[in-house]
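[1] Below is the structure, and that's it, no one-letter string:
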């Protein structure tokens, strides 16, 4: 028996030394940021009795609770640690993961409150490591990307949770992660792109048997062509279909629907000496169909009914020009996105919201800025306009100076108005904003930014109610960003 084990061990060692070594090259990158915020009056409302009463009566504010924030300031810090890891398994084969950790307000609750009356949530710094008192562990780590990239004889493949909305200028781009399959075929200066995105899926163990193929899929087909050293141009065609749940008879009325549309997204970017120009246009055409028109027509007005089939259409355009005369630079933005006409059954706006496209575009510190809208979500002021440029005519002038390679000071003036009203008698003026920022590189990888914004509130926020009184708002912030 002893000889048997000696022989077996010898064979195992021989096999181990015969296996070729697999070397995995691991690369880390990421970002850590800390931001401080102060907003003087996020609601953009005046705290007066008559105005508060009108606010409480306006359905757009979702009830009387909203006016509690009139003329009340908000200040806090927030942070985020983002880590991306690339496992280079072999030449042309990489596994990429990315997670965010402690993305929260400083001192904010991470651990949910459990344990009955008197239980309170806990910040991570105040949570017991032994989980005494019924504390629930929540380390606030969210893996949002995991995908494999591999080269093949017929092109490049990217499979898994990844970024899809990264095409052309930032105006239609978003850093959100979506599962899907992307294929890229490079042919000289031309790159062909095809992809399948899975935006939503309800065919799971809970809904199977009670819902009919409720999911959201997007199919992409496009190209990017490099114009040598002067720029690039491209076209992306997206066909999307979104199916809403269709309950069987045992679960109530059949109110399933299918929404399909095709979006065309061309862009061009040019570097002409000191002049940089970029432009992007979007056109959407589609259809909303209810599976059971008779049941859809029974939905009462209080719930948005009666529901009818509708055509979908939207037009959007954007242009940006910048002149760099170091150390001074200046430029202009202009943008347009059609809004939904409330007097028609058709839907003429909402492309950016439907595709979640454009949160990377932050032309102002407050107006249509995803960072600001996320931190101050739920307010009745400028944050309520959201993260995406929709139903808008927008213009901005800016000028900046870089007295040293490490310092950048920039000032801008922006104006925005709506194309369509949300309710009767509403004014279309969103308002105007003045921004001033200064950024300084303490190290090549460490930057400190301080900024201020003054928002001159437009009559859009009166919601068609003459009794509602609004006031201007201002916001101060600073940010420390480490990239590695």
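    Arrived safely. Just so you know, these numbers come straight off a predicted model, no measurement behind them. Residues are numbered from 1 along each chain as shown.

[2] C-alpha only now, for contacts and for neighbours.
    Will do.

[3] which residues of the chain score low on pLDDT?
    By pLDDT under 70, the low-scoring segments of the chain are 1-23, 58-69, 110-139, 203-213, 245-254, 302-303, 378.

[4] What segments of it are helices?
    All helices of the chain, identified by DSSP state H, fall at 2-18, 49-57, 293-297, 351-355, 370-375.

[5] Spit out the contact partners of the residue nearest the centre of the chain.
    Closest to where the C-alpha atoms of the chain average out (CA atoms, centre = their mean) is residue 359, at 3.9 Å. Residue 359 is in contact with 171, 172, 173, 174, 175, 369, 370, 387, 388, counting by CA atoms under 8 Å, 6 or more residues apart in numbering.

[6] same check, this time on residue 97
    Going by CA under 8 Å, 6+ apart, residue 97 touches 84, 85, 86, 143, 144, 145, 146, 147.

[7] got it, and residue 438?
    407, 408, 409, 410, 449, 450, 451.

[8] and if we set it to 7 Å?
    Contact analysis of residue 438 by CA atoms under 7 Å, 6 or more residues apart in numbering lists 408, 409, 410, 449, 450, 451.

[9] out of those residues, which are buried?
    408, 409, 410, 449, 450, 451 (16 or more other CA atoms under 10 Å).

[10] I'd like the list of those residues that fall within strands, please.
    408, 409, 410, 449, 450, 451 (DSSP state E).

[11] what's the closest non-adjacent residue to the residue nearest to the centre of the chain?
    Closest residue in space to residue 359, ignoring its immediate chain neighbours: residue 174 at 4.9 Å, by CA to CA, 6 or more residues apart in numbering.

[12] ditto for residue 451
    Closest to residue 451 by CA to CA, 6+ apart is residue 437, at 4.1 Å.

[13] again, but for residue 470
    Residue 470 sits nearest to residue 45 (CA to CA, 6+ apart), 4.3 Å away.

[14] and that neighbour, what does it touch?
    So, once contact is read as CA under 7 Å, 6+ apart, residue 45 ends up touching 70, 71, 469, 470, 471.

[15] Please report phi then psi for the last one.
    So the one you mean is residue 471. Main-chain torsions, residue 471, degrees, to the nearest 10: phi -140, psi 160.

[16] isn't it right up against residue 46?
    Yes. With contact defined as CA atoms under 7 Å, residue 471 counts as touching residue 46 (6.0 Å).

[17] For stretch 87-97, buried residues please.
    Those would be 87, 88, 94, 95, 96, 97, for stretch 87-97 by 16+ other CA under 10 Å.

[18] Turn those into TSV, including distance to residue 307.
    Output for the buried residues of stretch 87-97, formatted as TSV (distance: CA to CA, whole Å):
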residue	distance to residue 307
87	50
88	52
94	48
95	46
96	44
97	43
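
[19] Max pairwise distance over those residues: which two?
    Spatially, the most separated pair among the buried residues of stretch 87-97 is 88 and 97, at 11.6 Å (CA to CA).

[20] show me the contacts for residue 47.
    By CA under 7 Å, 6+ apart, the residues touching residue 47 are 70, 71.

[21] Kindly report the same for the one 3 residues further on.
    Each residue near residue 50 by CA under 7 Å, 6+ apart is listed here: residue 467.

[22] again with the one 4 residues further on
    Contacts were defined as CA under 7 Å, 6+ apart; by that measure residue 54 touches 467, 468.

[23] 8 Å instead, please
    465, 467, 468 are the contacts of residue 54 under CA under 8 Å, 6+ apart.

[24] residue contacts, the residue lying closest to the second one once chain neighbours are set aside?
    Among residues not flanking residue 467 along the chain, residue 51 sits closest, at 5.5 Å (CA to CA, 6+ apart). The neighbourhood of residue 51, defined by CA under 8 Å, 6+ apart, consists of 467, 468, 469.

[25] so can I have TSV of those showing distance to residue 217 and neighbour count?
    As requested, those are exported to TSV (distance: CA to CA, whole Å; neighbours: other CA atoms under 10 Å):
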residue	distance to residue 217	neighbour count
467	45	16
468	42	23
469	44	19
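
[26] closest to residue 351 among these?
    residue 468 (30.5 Å).

[27] any idea how far residue 423 is from that closest one?
    As judged by CA to CA, to the nearest Å, residue 468 and residue 423 stand 14 Å apart.

[28] and what of residue 372?
    Per CA to CA, residue 372 is found 25 Å from residue 423.

[29] what about the two, which has more around it?
    residue 372 (21 against 13; other CA atoms under 10 Å).

[30] and the gap between the more buried one and residue 484?
    Distance of residue 372 to residue 484, computed by CA to CA: 25 Å.

[31] I'd say residue 464 and residue 425 touch.
    Yes. Here residue 464 reaches residue 425: they are 4.7 Å apart, a contact under CA atoms under 8 Å.

[32] Please say which of the two ends up with more neighbours.
    Counted by other CA under 10 Å, residue 464 and residue 425 do not tie: residue 464 has more neighbours, with 18 against 13.

[33] dump the residue contacts of the more buried one.
    423, 424, 425, 426, 427.

[34] And for the last one, the neighbour number?
    I take that to be residue 427. Residue 427, neighbours per other CA under 10 Å, totals 20.

[35] correct me, but it touches residue 465?
    No. Using CA under 8 Å, residue 427 makes no contact with residue 465, being 9.8 Å away.

[36] circling back: any idea what the residue nearest to residue 451 is bridged to?
    residue 410, residue 451 (DSSP bridges).

[37] For stretch 147-161, list every residue counted as buried.
    Result for stretch 147-161 [16+ other CA under 10 Å]: buried residues 147, 148, 149, 150, 151, 156, 157, 158, 159, 160, 161.

[38] what about that stretch, how long is it end to end?
    6 Å.

[39] Use 713 as the first number for this chain going forward.
    In the new count, where the first residue is 713, that last one comes out as stretch 859-873.

[40] And the contacts of that stretch?
    Contacts for stretch 859-873 (CA under 8 Å, 6+ apart): 804-809, 856-858, 874, 889-898.

[41] now with 10 Å?
    With contact meaning CA atoms under 10 Å, 6 or more residues apart in numbering, stretch 859-873 is reached by 798-810, 855-858, 874-875, 888-899, 903-910.

[42] Whichever of those end up buried, select them in ChimeraX.
    Burial among the contacts of stretch 859-873 is assessed by 16+ other CA under 10 Å; the matching ChimeraX selection reads:
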select :798,799,800,806,807,808,809,810,857,858,874,875,888,889,890,891,892,893,894,895,896,897,903,904,905,906,907,908,909,910
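
[43] So which of the contacts of stretch 859-873 are in strands?
    798-802, 805-810, 855-858, 874, 890-899, 903-910.

[44] looking at it, residue 1027 is touching residue 993, isn't it?
    Yes. Residue 1027 sits in contact with residue 993 when judged by CA atoms under 10 Å, with a separation of 7.8 Å.

[45] Between the two, which contacts overlap?
    976, 1048, 1049.

[46] If we only consider these, which is nearest to residue 1019?
    Distances from residue 1019 to the shared contacts of residue 1027 and residue 993, taken by CA to CA, are shortest for residue 1049, at 25.0 Å.

[47] Pull the number of nearby residues for the closest one.
    A count of neighbours around residue 1049, defined by other CA under 10 Å, yields 25.

[48] and it, what is it in contact with?
    When contacts are counted by CA under 10 Å, 6+ apart, residue 1049 touches 993-995, 1026-1030, 1060-1064, 1101-1106, 1130-1131.

[49] In strands, which of the buried residues of stretch 859-873 appear?
    Those of these lying in strands (DSSP E): 859, 860, 861, 862, 863, 868, 869, 870, 871, 872, 873.
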